[in-house]
Every structure is written in structure tokens, then in C-alpha cells.
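>>> Fold the following for me, if possible:
(one chain, ligands or ions: 1)
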Amino acid sequence: MINSIIAATGLFTPDQAISNEELVAAYNAYADRWNAENAAQIAEGDLAPLTHSSVEFIEKASGIQSRFVLDKSGVLDPGRMTPNIPERGNDELSTMAEMAVAAARQAIAAWGKDVSQIGAVLCAASNMPRPYPALAIEVQQALGIEGFAFDMNVACSSATFGIKTASDFIGSGSVKAVLMVNPEVCSAHLNFRDRDSHFIFGDVCTAVIIEAEDQAGPGGWDILGTRLQTQFSNNIRNNFGFLNNAAPEGIGQVDKLFVQQGRKVFKEVVPMVSDMIIDHARDLAVNTDALKRLWLHQANINMNVLIGRKVLGREPSPEENVIVLDRYANTSSAGSVIAFHLHQDGFEPGETGLICSFGAGYSAGTVFVRKRG
Ligand code: COA
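Below you'll find the predicted structure:
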């Protein structure tokens, strides 16, 4: 069995951002407009009026202060409330491939090797722009990579599932290096007309190069162990899919966007993930107390703080439990990789950390890493 390392990472961040103040102002304008349009039915008691969203609630419930998006004006237009991302022709690089290529180029530059050494490209994300051809194959072609590529979707857990898949390919000798990308245009699956969830997500793309230890130079991170878990739940769900076309109701209902039972998710996912981390650490003979850093999926502040506390058995410091939610919001599969990419400072060779993601499915993945010399 050939061991794998995380050799390099990259991050593409859109150049537009929406603050909570801007988001709430747009939602409240939409709600006022909707209430005015439906005034008669509201007065009759047939419809409940929409109530305003609040910046204070959002910050307290989620820890989010801002999010990056591909298109700010469409989201903030009370008459639209969804991003405006024009379709591109088949001969143009697609929007999500462009994000992935930008993040991948950064990772490849940090790696410092030629793309001819990459044997596979994985696109691991919550939403793909089309069923086929695979986005990963488009990225592979744009970067001039040989070998094979495919898409995989495990919602917010996609990145850790991708790292494990890459590491297993390397372990069995199929390839020597894998590029994984996590393009997330969460703004296009989020219902900005839903007060309960309009603040949750942002857009971004991350990239990770996983390489065989026996050919890697110095630097990077040894992968000590990877573990995956799934458990069916309807509490985070998105019913968008090609069969919508064949359904008499057609498309456009709110369940064709992100929907969740937030409280249930909180209650059920926190113990599932905390127990999984503790069990996996024990099996790897890693003392959780000695973990220098947790790079958790950026779900929301309360969930992340609670998981950090359960895993370390004490209140983690901000350096131990990295939070990027404030600037990036929940970016689905990319969240834990953004945290890992931006916060690697202060590690001595031999020190360990944990990349962990969790989300819809339910699904969860753990990747324990050790700083290399
Ligand atoms: N602005 C102001 N008030 C709002 C609001 C908004 N945007 N959205 C909801 N509220 C109100 C509700 O109406 C409710 O009011 P009430 O008590 O008068 O009925 C109150 O805030 C609490 O609502 P609730 O939905 O119960 O909030 P919560 O405290 O459970 O927090 C989540 C909501 C989603 C932040 C929380 O459940 C959570 O963190 N869940 C984890 C889910 C998650 O992270 N999923 C991501 C995928 S991994």
C-alpha cells in the first residue's frame, strides 16, 4: 500500500461579496413587496405576511457576516432574488470549470511540478452544472492533464470523500497524483426568498493535489487515515433533477432548491460527527488532545464550536478550531479546504490536524494529517 500526502492546495474566491446588511435589506424589500402584492389575502387571513429578516439573528445563529458570490446584483434585486449567471456556449469554458481551473492553477503552482504527473482529476461538489460531459473532464482538458476524470457528489462532504478516493487510487497504484477540485456556486441552489436559510451559503472553489508519498519531495502533509460515513436523512434535501422535466408539476417549486430542518440537522449531525472523529482518532492512535488544529466543514458557528468542544474535551482556542464562516459563509464541500488552505501556519513537522466535513446525506468524512518535514 502506497501512502498519500496532501501536496498542495488552491483557492478561488469571487470578487463580489454580500454583507448581512445588504442581504437583509434585499430580503426585507422583497418581503414588503410580497406583502403589498398579497395584501387582500393577508387581510382575509388566507395568507400569513412575511416577516423581516435580521442581521442580529443571522450573526448569532450562523456566525456569518458576509459571503462571496458570483453575481451580487441578481441576488440583491428584490424582483429577482437569484444570481444572474448567463449560460455559456458549448465551446466556451463553463463558469464552474473556470472557477475550478483558477483554484487548480494555484494548487499546481504551489506544488511546483508539471501537470503531466497528474493521473486523475476529481470534481467533488454539491451541484454540477450538467449531468454530462463531466465537469472534471472539462477541467482536465483545460489544464492539459492526461489520464481520467470524473465528477462525484456527496454534498458538503464531497471534499473529504474526494481526498479518500484519491488516496485509495494512489494506494492501489492506479495513479501517482490526483487533482481534486470543489467548485461551489451555492448561490444558485439557495432560496433567497426563504428567511430561514437565505443567509447560509456562499460561492467559492478549492483545489487539492494528493500525491504518492514515494515520489513526493519535502513539505506537504502525510495522510494518516481517511474514513467515510453516510446515514440517510431527508433533513437536508434538494429535489432538483432531470426527472423534474418528466413530472406533471414541472420545475420551479421551492423544494427544487436547498431545504433543511435546521434544528434536526444540528441535533443529529453534531453527535454523529463528534463520535466519528473520536473513534477514528482512537483507531489511528492519535490523541485528540494533541490535535493542533481542526479544519472542520464550515456549517455554522454553533455546530462548529460544539463539535470542536466535544472532540478536544475542552473549549478550543480560535487557532485550534479554525472558523472562516464569518467571511465565506457555508461553502458546502469547499469549507474545510478553505480553512485548511488559509490556516496552516505554526505547524512543526510531526504535528497533527484534522480535516473533517459533514452535511447532507447525512454524510461525513475525516482526514487526519501530519505535517511533513
Ligand atoms: N431573521 C430573523 N429571525 C429569524 C430568521 C431570520 N433570517 N430566520 C429565522 N428566524 C426566527 C424564527 O422565526 C424563530 O422565531 P420564533 O422563535 O419566534 O419562532 C427563531 O428565529 C428561531 O428559528 P429557528 O429556525 O428555530 O432557528 P435556530 O436557532 O434553530 O437556527 C439554524 C437556525 C439553521 C441556524 C440552526 O438550526 C442551525 O444552525 N442548524 C444547523 C444546520 C446547518 O448548519 N446546515 C447546513 C448544512 S451542514
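
>>> so what's Lys264 up against?
Contacts for Lys264 (Cβ atoms under 8 Å, 6 or more residues apart in numbering) come out as Asn235. In short, each C-beta sits where N, CA and C put it, glycine included.

>>> What's the mean pLDDT across the strand or helix carrying it?
Taking DSSP states H and E as the criterion, Lys264 maps to helix 262-283. Summarised as a single mean, pLDDT over helix 262-283 is 97.

>>> Against which helices or strands is whichever helix or strand comes after it packed?
Next helix or strand after helix 262-283 toward the C-terminus (DSSP H and E): strand 293-296. Contacts defined by 3 or more Cβ pairs under 8 Å, 6 or more residues apart in numbering; DSSP states H and E place strand 293-296 against helix 301-312, helix 335-342, strand 352-359.

>>> any idea how far the residue located most distally from the centre of the chain lies from the ligand?
Of all residues in the chain, Glu44 has its C-alpha farthest from the mean position, at 43.3 Å, by Cα atoms, centre = their mean. Per Cβ to the nearest ligand atom, to the nearest Å, Glu44 is found 23 Å from the ligand.

>>> Phi first, then psi, for that residue.
phi -80, psi -10 (degrees, to the nearest 10).

>>> How about Lys310, nearest residue that isn't a chain neighbour?
Excluding the flanking residues, the one nearest Lys310 by Cβ to Cβ, 6 or more residues apart in numbering is Ser274, at 3.8 Å.

>>> Count residues in the vicinity of the one you found, would you?
18 (other Cβ atoms under 10 Å).

>>> In contact with it, which residues?
Neighbouring residues of Ser274 by Cβ under 8 Å, 6+ apart: Leu306, Ile307, Lys310, Val311.

>>> okay, these in TSV with neighbour count next?
Shown next, in TSV, are the contacts of Ser274 (neighbours: other Cβ atoms under 10 Å):
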residue	neighbour count
Leu306	15
Ile307	25
Lys310	16
Val311	25
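
>>> Turn those residues into CSV, columns for distance to the ligand.
Formatted as CSV, the contacts of Ser274 follow (distance: Cβ to the nearest ligand atom, whole Å):
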residue, distance to the ligand
Leu306, 10
Ile307, 11
Lys310, 15
Val311, 17
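
>>> Can you name the residues of the stretch 201-350 of the chain that neighbour the ligand?
Proximity of the stretch 201-350 of the chain to the ligand (Cβ under 6 Å from any ligand atom) is limited to residues Ile236, Gln260, Gly262, Arg263, Val265, Phe266, Ala299, Asn300, Asn302, Met303, Asn330.

>>> and the third one, how many residues sit next to it?
If you count neighbours by other Cβ under 10 Å, Gly262 ends up with 16.

>>> I'd like to know which of the contacts of Ser274 is nearest to Ile223.
Val311 (18.7 Å; Cβ to Cβ).

>>> distance between stretch 50-69 and the chain's centre?
19 Å (Cα atoms, centre = their mean, to the nearest Å).

>>> And it, end to end?
25 Å (Cα to Cα, to the nearest Å).

>>> Nearest to Asn245, out of the helices and strands packed on strand 293-296?
strand 352-359 (26.5 Å).

>>> and the closest one with helix 335-342, angle?
Interaxial angle of strand 352-359 relative to helix 335-342 (axes from the mean of the first three to the mean of the last three Cα atoms, to 10 degrees): 150 degrees.

>>> What helices and strands are in contact with strand 352-359?
Packed next to strand 352-359, using 3+ Cβ pairs under 8 Å, 6+ apart, are helix 158-171, helix 262-283, strand 293-296, helix 335-342, strand 363-371.

>>> check whether that strand contacts the ligand.
Yes: Strand 352-359 reaches the ligand (Cβ under 6 Å from any ligand atom) through Gly359.

>>> Just give the nearest non-adjacent residue to Gly171, would you?
Met1 (5.0 Å).

>>> Apart from its chain neighbours, what residue comes closest to Ile236?
Using Cβ to Cβ, 6+ apart, the nearest residue to Ile236 is Ala360, at 3.8 Å.

>>> neighbours of that neighbour, just the number please.
23.

>>> Pull the contacting residues for it.
Counting by Cβ under 8 Å, 6+ apart, Ala360 makes contact with Ser126, Ala155, Cys156, Ser233, Ile236, Arg237, Asn238.

>>> The second one against Ala334, yeah?
No: Ala155 is beyond contact range of Ala334, at 11.9 Å (criterion: Cβ atoms under 8 Å).
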